[in-house]
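Visitor: Provide a 3D model corresponding to the input given below.
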Amino acid sequence: MELKSSHTSPVLTDPSPAVNKSRLGIPSSLLPYSQQGASFSTPKYISIPRKKNPGKLDDVRSNGWLDAMKSSSPPRKKFIKDFTLDVAQDDAEIAYCSWMLKYPSALNCFSQIIKHARNKRIAIFLDYDGTLSPIVDDPDRALMSNAMRSAVKNVAMHFPTAIISGRSRDKVFDLVGLTELYYAGSHGMDIMGPVSNAVSGDHPNRMKLNDKQGKELKLFQPAREFLPMIDEVFRTLVENTKGIEGAKVENHKFCASVHYRAVDEKNWPLIAQIVHDILKDYPRLRLTHGRKVLEIRPVINWNKGKAVEFLLESLGLSSRDDVLPIYIGDDRTDEDAFKVLKKGNKGYGILVSSVPKETKAFYSLRDPSEVMEFLKSLVRWKEQEEAECT
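Guide: Just a heads-up that it's a prediction; the model follows:
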């Protein structure tokens, strides 16, 4: 079926519809559109021509896209004199210390966290980019260190651990390379998790399979019907941005990303307009912003917060009072997970940031090096606790 354009300007939103009581069944009510006619036959790959007058850019200015791109990617200030630089750094540090009064360091508050964790089962959820690896210009070079990999592996030996990333599940698994973990890619729309009797049953978006070690796992893909659509949009984005130096388009299976970190800022409006014009023909897709990246995703009631809930239920931990989930992430997309844990004081969200940000997290860490130290501290505490019990 060929989807017709709505001929309306795509709006930058992050809708948060009410949670359906049957979270894991993924009924048709999860989708704001009828499932009838949602399937695709042979995908049609199209090339959408650029506007003859891209300098006008009325759409992306009026709908706030450019402002959002700039606010999510603040430019680095340039200073001529060392004295001016020192003053600016001091001011930034003062602002960060003030912010930490509201979102204290998870390292400094480790004893407080452990106090609440006693006699509880901890479950660890981790973002990848900016959390386990540094943010770099080329996303293909965002590699975690061997020391970080060892820290994550040791954590997974003591606690159920999952990585929930905006990257495709296969890609983040290749980057991490640990079989001890559970993986959720495409912002939680592609989950490889444990099999539990609590979520047994047949569903078109869920299937059982075995990994390379023979362990039975469950593959859950609530947006599977969107695969041909995302692939079509990805190909069109590649074609229409190939003339923009520094632009990089990635297919994360259930979402497509346009990175503009290496693009001259004067060309940001052009990238925004290209994405805007393409989305006009796809009313079932929406745009979200990350760190110098535009992400196109299906309009379904699913996000990283829902992925956390799904994994907790798959692990048999969602209905227990003796569970403490901890989610560590650095980006806007992680806020959905922070909200889930903050609601009802279910667990702790930890924001990784070196600058003040509004967040639903409870604690903070400055950078991936502090994330690694926090994970090591968890392992040391757990090993000491086990030694005391023997």
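
Visitor: where does pLDDT dip in the stretch 51-200 of the chain?
Guide: 51-58, 60-63, 71-88, 195-200 (pLDDT under 70).

Visitor: and the end-to-end length of stretch 132-150?
Guide: 11 Å (CA to CA, to the nearest Å).

Visitor: now do stretch 300-308
Guide: Using CA to CA, the two ends of stretch 300-308 sit 16 Å apart.

Visitor: helices along this protein, start to end?
Guide: 58-62, 65-71, 82-99, 110-117, 146-158, 169-176, 227-241, 268-279, 304-314, 335-342, 368-389 (DSSP state H).

Visitor: and among the ones you listed, the most buried is which?
Guide: Highest mean neighbour count among the helices of the chain (mean count of other CB atoms under 10 Å): helix 304-314, with a mean of 24. Bear in mind the C-beta positions are built from the backbone N, C-alpha and C, glycine included.

Visitor: how far away from the center of its chain is that helix?
Guide: On the basis of CA atoms, centre = their mean, to the nearest Å, helix 304-314 sits 13 Å off its chain's mean C-alpha point.

Visitor: how about stretch 258-276?
Guide: That offset, for stretch 258-276, works out to 21 Å (CA atoms, centre = their mean).

Visitor: quick one: end-to-end length of it, please.
Guide: End-to-end for stretch 258-276, by CA to CA: 12 Å.

Visitor: related to what we said a few turns ago, including distance to Ile350, could the helices of the chain go into CSV?
Guide: Formatted as CSV, the helices of the chain follow (distance: least, CB to CB, whole Å):
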stretch, distance to Ile350
helix 58-62, 34
helix 65-71, 23
helix 82-99, 14
helix 110-117, 9
helix 146-158, 13
helix 169-176, 19
helix 227-241, 30
helix 268-279, 31
helix 304-314, 13
helix 335-342, 9
helix 368-389, 7
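
Visitor: out of those, which comes closest to Ile328?
Guide: When these are compared by CB to CB, helix 368-389 sits nearest Ile328, at 5.9 Å.

Visitor: which of the helices of the chain sits closest to Ile191?
Guide: helix 304-314 (6.0 Å).

Visitor: circling back to that earlier point, quick one: closest of the helices of the chain to Phe362.
Guide: Nearest to Phe362, of the helices of the chain and by CB to CB, is helix 335-342 at 6.8 Å.

Visitor: Lys266: neighbouring residues, count only.
Guide: Look at Lys266: counted by other CB atoms under 10 Å, it has 7 neighbours.

Visitor: start the count at 11, not 1, going forward
Guide: Got it, the first residue is 11 from now on, which makes the last one we talked about Lys276.

Visitor: what's near enough to touch Ala257?
Guide: By CB atoms under 8 Å, 6 or more residues apart in numbering, the residues touching Ala257 are Thr251, Val268, His269, Tyr270, Ala272, Val273, Asn277, Ile281.

Visitor: out of those, which one has the lowest pLDDT?
Guide: The pLDDT minimum for the contacts of Ala257 sits at Ala272, where the score is 90.

Visitor: do I have it right that Lys370 meets Arg342?
Guide: No: under the criterion of CB atoms under 8 Å, Lys370 makes no contact with Arg342, lying 10.7 Å away.

Visitor: rewinding a little: which among the contacts of Ala257 gets closest to Thr171?
Guide: Among those, and counting by CB to CB, the member closest to Thr171 is His269, at 27.5 Å.

Visitor: got the contact list for the closest residue to the closest one other than its chain neighbours?
Guide: Leaving out its chain neighbours, the residue that sits closest to His269 by CB to CB, 6 or more residues apart in numbering is Lys258, at 4.3 Å. Contacts here follow CB under 8 Å, 6+ apart; on that basis Lys258 touches Asp148, Pro149, Val268, His269, Ala272.

Visitor: now those: which count as buried?
Guide: Applying 16 or more other CB atoms under 10 Å to the contacts of Lys258, the neighbour count classes Pro149, Val268, His269 as buried.

Visitor: could you work out the end-to-end span of stretch 359-376 for me?
Guide: By CA to CA, one end of stretch 359-376 lies 14 Å from the other end.

Visitor: ok, residues contacting that stretch?
Guide: With contact meaning CB under 8 Å, 6+ apart, stretch 359-376 is reached by 102, 105-106, 108-110, 113-117, 119, 123, 137, 140-141, 336-340, 344-345, 347-349, 351-352, 358, 377-378, 380-381, 384.
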